[in-house]
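Q: Need a 3D model of the sequence below.
(2 chains)
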Amino acid sequence: MNDAAISPPDRMPDIRVTVMAADANPYGTAFVGWLFGQMSLAGGSLASRRTGKRAPVVAADGFKFLAPADIGDELSVWAEVVGEGRTSLTIATEAWKRDRHGEAVAKVAEGRLVFVGVGDVRQDMA
Amino acid sequence: MSDATSVSPPPHEPAIRVTAMPADANAYGDIFGGWLMSLMDSAAGLVAARHSHGRAVTIAMDGMQFHAPVHIGDEVSVYAQLARVGRTSMTIDVECWARDRHRDDHRKVTEARFTFVAIDQDRRPRPVVVE
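A: Alright, predicted model coming up:
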């Protein structure tokens, strides 16, 4: 995706949520596990939509957490298919924050997820 | 830590042990990978904060593998071990093991490597305390 980008992708985000106190770590900023969860949800939504099947995540790699997101920030996640195997999809995700009281944005995290499309009986996608 | 073919969890105590609940499930009824990753980050964070005697934040995560699904009711144990210590950073290996609540056998469900950086009050990197 756009590594050195100073602005988020120019299309609709796959997920947009407000960072709440329940999502914070002991230091008061968004917990990385929660961020990863949002990125995984965005990737999974795209994977299910693309495969038309259950699409569990099987791997994740190259995750970088670039800046803290504060409580109250608006967090947006973009997902994009960057690789396609016989049964798998590699999806790049990036998360951006916007200060709730202004227009300032910054990239918070990025990383790749691999999903496998499986049928109802948990067999590999045909 | 244990290798990919291990059939038993690490011999040391888990950093976190918790029961997987319905609220932790995904749209298909299995446990959500993001929830597992949250536990892993929490476990690694505990090790990082304890070792560096202060605030430490996650800056990277690599090599995450989801080996097997986790089901509601499973006992999930998270093992975290310091793998490398740099001047301001710590690399921590984490794995999750699941046990069916009605059985004795364990299975490895996830593994990943986390990188943390120790930071000061101004969020600048600070040297890790060497024990």
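Q: could you pull out the strands for chain A?
A: Counting by DSSP state E, chain A forms strands over residues A:15-18, A:57-65, A:74-84, A:88-98, A:105-116, given from the N-terminal end onward.
Q: Name the strands paired with the first one and say parallel or antiparallel.
A: The sheet places strand A:15-18 alongside strand A:74-84 (antiparallel), with pairing taken from DSSP bridges.
Q: give the contact list for residue B:74.
A: Shown in contact with residue B:74 (CB atoms under 8 Å, 6 or more residues apart in numbering or on different chains): B:19-20, B:31, B:98-101. (Each C-beta comes from the backbone N, C-alpha and C, glycine too.)
Q: how does it look with 7 Å?
A: For residue B:74, the set of contacting residues under the criterion of CB atoms under 7 Å, 6 or more residues apart in numbering or on different chains consists of B:20, B:98-101.
Q: Kindly provide the distance from the closest residue to residue A:113 other than its chain neighbours to residue A:108.
A: Taking CB to CB, 6 or more residues apart in numbering or on different chains as the measure, residue A:113 lies nearest to residue A:43, with 4.3 Å between them; neighbours along the chain are not counted. Using CB to CB, to the nearest Å, one gets 15 Å for the distance from residue A:43 to residue A:108.
Q: So for the two, which sits in the more crowded spot?
A: Remark: of residue A:43 and residue A:108, residue A:43 carries more neighbours, 32 against 26, as counted by other CB atoms under 10 Å in any protein chain shown.
Q: Pretty sure that one sits against residue A:91.
A: Yes. Shown here, residue A:43 and residue A:91 form a contact pair, counting by CB atoms under 7 Å, at 4.2 Å.
Q: Just give the closest residue to the residue most central in space within chain A, not the sequence neighbours.
A: The centroid of chain A falls nearest to residue A:39 when counting by CA atoms, centre = their mean (2.0 Å). Using CB to CB, 6+ apart and skipping the chain neighbours, the partner closest in space to residue A:39 is residue A:93 (4.3 Å).
Q: Have a look at chain B and report its longest strand.
A: As far as residue count goes, and with DSSP E defining each element, the longest strand of chain B is strand B:106-118.
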